[in-house]
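Visitor: whatever this is, show me its structure:
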Amino acid sequence: MTFSKKAAALSALLLIGGHAAAADLTATLSNLQIQLFDLTPGDGIAASYTLVGAQFGSATTYTASGLFDEQAGLTAQAALTGAGLSALASVSGLAGSPTSFSLMASLNSALPSPYGDAGAQALAGFSLLVGPGTLILLSANTHVASNGSDAVAGTDLMSQASLRFLQVSDGVTVGSTGTRQAYTSFGAGNLTPSSSGVLSASFANYSADATRLQARASVSAGLSTPIAAVPEPSSLALLAAGGALVFGAARRRKAA
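Guide: Numbers count the residues shown, from 1 in each chain. Here you go, the predicted model:
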């Protein structure tokens, strides 16, 4: 390879390398617990809930290029791998045991920009009938983390875990919602936001009738990089330097 070709190749590699988006994202949720509290202890009716719907779980992974993988069921796992990308989402549980769910989502990326979006999501839930005068509390252990290195300016990294109660009829969130997330939007650098702890969501039924709800747990990890990334001044300088070397070498050959 001639000097001019080497210089051109080096400048191109430096420009591409300056726009790599590297990320390691994780979100987990496990040890789901259900607790009941009697809001009207003097009425002679004990606090209660009854499972009235089938458990469900789904795992999904996706990328902006159209790659997509999804599986549904109490035990589901969806995984995607490609050049510089690894995405995995999984949910596991035992039939008839709403507290057995374990969810995980992870995304590892070392992709050149522009790239777009990539993500992994896991979702689990069940329907239940909450008795009158009953306070129901969901809680679970969770950990989320978003670790990025040398990302393009404007890159968004997000890991999130959540617990919530929904009205079965319209899907509207009711009661309290527990959410834990690590969200980052940054340029080049090393950032490692993370959070661990216990999430909880509650619903109080003060009515004289039972109320049907859907309990839902979810985790997700996602990466979004700019589609039209603008080269940084340092990258432009490297490219200009490489071009100058090529131009200079060509002029010397012509003069000779």
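
Visitor: please enumerate the strands of the chain.
Guide: 20-38, 49-51, 56-63, 68-72, 76-82, 85-94, 97-112, 117-130, 134-149, 155-167, 173-186, 190-191, 194-205, 211-224 (DSSP state E).

Visitor: mind listing what's buried in the first one?
Guide: It stands for strand 20-38. Neighbour counts over strand 20-38 (16 or more other CB atoms under 10 Å) mark Ala20, Ala21, Ala22, Ala23, Asp24, Leu25, Thr26, Ala27, Thr28, Leu29, Ser30, Leu32 as buried. Glycine gets a C-beta too; all of them are placed from N, C-alpha and C.

Visitor: low-confidence regions, the stretch 51-200 of the chain specifically.
Guide: 111-115, 150-152, 186-191 (pLDDT under 70).

Visitor: show me what the closest residue to Leu128 other than its chain neighbours bridges to in the sheet.
Guide: Computed as CB to CB, 6 or more residues apart in numbering, the closest residue to Leu128 that is not its neighbour in sequence is Tyr49, at 4.9 Å. Applying DSSP bridges to Tyr49 gives these bridge partners: Val130.

Visitor: quick one: contacts for Ala59?
Guide: 70-72, 76-78, 89-91, 120-123 (CB atoms under 8 Å, 6 or more residues apart in numbering).

Visitor: what does Ala204 give?
Guide: Leu39, Thr134, Leu135, Ile136, Gly175 are the contacts of Ala204 under CB under 8 Å, 6+ apart.

Visitor: and if we set it to 7 Å?
Guide: Contacts here follow CB atoms under 7 Å, 6 or more residues apart in numbering; on that basis Ala204 touches Leu39, Leu135.

Visitor: and it, how far from Val198?
Guide: As judged by CB to CB, to the nearest Å, Ala204 and Val198 stand 20 Å apart.

Visitor: what is the spatially closest residue to Gln181 that is not a sequence neighbour paired to in the beta sheet?
Guide: Of all residues not flanking Gln181 in the chain, Gln160 sits nearest, at 4.0 Å (CB to CB, 6+ apart). Gln160 has these beta-bridge partners by DSSP bridges: Gln181, Ser220.

Visitor: now distance to Asp209 and pLDDT too, for the buried residues of strand 20-38, in a markdown table please.
Guide: Shown next, in a markdown table, are the buried residues of strand 20-38 (distance: CB to CB, whole Å; pLDDT from 0 to 100):
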| residue | distance to Asp209 | pLDDT |
| --- | --- | --- |
| Ala20 | 58 | 55 |
| Ala21 | 52 | 62 |
| Ala22 | 54 | 76 |
| Ala23 | 48 | 82 |
| Asp24 | 48 | 89 |
| Leu25 | 43 | 92 |
| Thr26 | 42 | 96 |
| Ala27 | 36 | 97 |
| Thr28 | 37 | 97 |
| Leu29 | 31 | 97 |
| Ser30 | 33 | 95 |
| Leu32 | 26 | 93 |
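
Visitor: much appreciated, bye for now.
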